[in-house]
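Undergrad: for reference, the sequence and a predicted model appear below.
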Amino acid sequence: RKEVEQDPGPFNVPEGATVAFNCTYSNSASQSFFWYRQDCRKEPKLLMSVYSSGNEDGRFTAQLNRASQYISLLIRDSKLSDSATYLCVVNVAGGYQKVTFGTGTKLQVIP
Amino acid sequence: EAEVAQSPRYKITEKSQAVAFWCDPISGHATLYWYRQILGQGPELLVQFQDESVVDDSQLPKDRFSAERLKGVDSTLKIQPAELGDSAMYLCASSRGSYNEQFFGPGTRLTVL
């Protein structure tokens, strides 16, 4: 089983729709979690950290479910500019944090 | 706003040649990462530094790749000799500490002919 798994998509959604992605992780010692956005042929950019209590930033909501070992990203009122690949990142505790990226979920918002 | 700097942005080389990439992290960031990303896949960690020390290079092909961060600031990743399969985007990222969010440079796109 992969350490971090994401559905590659693509998720094709109309403008204004709500879309959600999940990211599952295998190591229960995982401690910190992030969502990144990556546009085609560009570097990943931090979208948001994921906190245990869940967190929201405008149209974006991130949640963590430790019992089922997944994180989620919800995008409300999708915009054309939200079209990108969304990468989850999981850090596992240790002497240093071991970082693992998911393969990404591609989102295409359609007019 | 502070940024991670990388150079060159693009590199075309022939197989068996040597290539080197440079990264200057955000000032004060102790942790520096080098990743390789193949189109359609997520970034794969090659090496992670904490200050000048390597803390993870388990995925670094050590027969041909080397990385250093001599003064705990900027870093160089070298490939010698380059192979066709090394064609990819090489990304550098930095963070205040290994628990913190990472910030990425624009990457170096390597093409090996």
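TA: All right, it came through fine. Please read all numbers here as calculations on a predicted model, not as lab measurements.

Undergrad: strands along chain A, start to end?
TA: Using DSSP state E, the strands found in chain A span residues A:4-6, A:11-14, A:19-25, A:30-38, A:45-50, A:55-57, A:60-65, A:70-75, A:84-92, A:98-101, A:105-110.

Undergrad: what lies in contact with the last one?
TA: Contacts of strand A:105-110 with the rest of the structure, by CB atoms under 8 Å, 6 or more residues apart in numbering or on different chains, involve A:6-15, A:17, A:19, A:21, A:23, A:75, A:78-86. In this view, the C-beta of every residue, glycine as well, is placed from N, C-alpha and C.

Undergrad: show me just the buried residues among these.
TA: The neighbour-count test (16 or more other CB atoms under 10 Å in any protein chain shown) applied to those identifies A:6, A:11, A:13, A:19, A:21, A:23, A:75, A:78, A:82-86 as buried.

Undergrad: return stretch A:88-104 as CSV; C-alpha atoms alone will do.
TA: C-alpha atoms of stretch A:88-104 as CSV (Å, rounded to 0.1, in the frame of the first residue of the first chain):
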residue,chain,number,x,y,z
CYS,A,88,-1.6,16.4,-0.3
VAL,A,89,1.5,16.2,1.9
VAL,A,90,1.9,14.0,5.0
ASN,A,91,4.7,14.4,7.5
VAL,A,92,5.6,11.4,9.7
ALA,A,93,7.1,12.1,13.1
GLY,A,94,10.6,10.9,13.9
GLY,A,95,13.9,12.4,14.6
TYR,A,96,13.0,14.6,11.7
GLN,A,97,9.7,14.8,9.8
LYS,A,98,9.6,12.4,6.8
VAL,A,99,7.8,14.1,4.0
THR,A,100,5.6,12.3,1.5
PHE,A,101,3.6,13.9,-1.3
GLY,A,102,0.6,12.3,-2.9
THR,A,103,0.5,12.0,-6.7
GLY,A,104,-2.2,14.7,-6.9
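
Undergrad: what strands line up against the helix or strand bottoming out on mean pLDDT in chain A, and which way round?
TA: Lowest by mean pLDDT, DSSP states H and E among the helices and strands of chain A is strand A:98-101, with a mean of 87. Strand A:98-101 has the following sheet partners, assigned by DSSP bridges: strand A:84-92 (antiparallel).
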